[in-house]
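Asks: curious how this folds, go ahead:
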Amino acid sequence: MKIALVSDDGITISQHFGRAPFYVVVTIENGQIVGREVRDKLGHAQFAGQHGHEEHSHAAGQGHGFDRASQDRHSRMAAAIADCQMLVARGMGAGAYESMRQAGIRPIITDIPTIDEAVRAFIEGRLTDHPEWLH
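Replies: Residues are numbered from 1 along each chain as shown. Okay, the predicted model is just below:
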């Protein structure tokens, strides 16, 4: 199983999925970490100059991140981790969360601050999702 964790520094889990510049991808087999790599992640910095990008774009009647341009950006962000089964962040918009689900990647919003702690919690079966914290 591969888990992608968004990070600003390779150590902590980012509080904002859209702004994080990296994914740390951890491979787990039989309850053990057998691989770890850092992958570049598209984010707000890369999309800032594109037509239709607004920090808080909303489609009529929907929350943050559900408009067509946001959904396109989310699918481009998911492409780098298409081989992962799970994505862990400490904060994420509802549109990004749903886009990851649609891409077949289980999003988890956690209160655990570090990558190593979150991976340990997953292995031990105590990594909890907090979708109530979506923005």
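Asks: ranges for the strands of the protein?
Replies: With DSSP state E as the criterion, the chain has strands at 2-7, 22-29, 32-40, 86-89, 106-109.
Asks: could I get the ones you listed in JSON lines, plus columns for mean pLDDT, distance to D116 and mean neighbour count?
Replies: C-betas here are computed from N, CA, C, even on glycine. Below are the strands of the chain laid out as JSON lines (pLDDT from 0 to 100; distance: least, CB to CB, whole Å; neighbours: other CB atoms under 10 Å):
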{"stretch": "strand 2-7", "mean pLDDT": "98", "distance to D116": "10", "mean neighbour count": "25"}
{"stretch": "strand 22-29", "mean pLDDT": "97", "distance to D116": "9", "mean neighbour count": "19"}
{"stretch": "strand 32-40", "mean pLDDT": "96", "distance to D116": "9", "mean neighbour count": "11"}
{"stretch": "strand 86-89", "mean pLDDT": "98", "distance to D116": "12", "mean neighbour count": "25"}
{"stretch": "strand 106-109", "mean pLDDT": "98", "distance to D116": "16", "mean neighbour count": "20"}
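Asks: redo those as JSON lines? Include distance to A69.
Replies: Below are the strands of the chain laid out as JSON lines (distance: least, CB to CB, whole Å):
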{"stretch": "strand 2-7", "distance to A69": "20"}
{"stretch": "strand 22-29", "distance to A69": "22"}
{"stretch": "strand 32-40", "distance to A69": "21"}
{"stretch": "strand 86-89", "distance to A69": "20"}
{"stretch": "strand 106-109", "distance to A69": "20"}
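Asks: so which of these comes closest to E124?
Replies: For E124, the closest of these is strand 22-29, at 11.6 Å, according to CB to CB.
Asks: identify the residues contacting that closest one?
Replies: For strand 22-29, the external contacting residues (CB atoms under 8 Å, 6 or more residues apart in numbering) are 1-8, 10, 33-41, 80-81, 84, 87, 115, 119, 122-123.
Asks: what does stretch 120-131 give?
Replies: Stretch 120-131 is contacted from outside by 3, 28, 31-33, 86, 88, 97, 107-112, 118, using CB under 8 Å, 6+ apart.
Asks: span of it from start to end?
Replies: 21 Å (CA to CA, to the nearest Å).
Asks: buried sites along that stretch?
Replies: Residues of stretch 120-131 classed as buried by neighbour count (16 or more other CB atoms under 10 Å): 121-123, 127.
Asks: kind regards, and thank you for your time.
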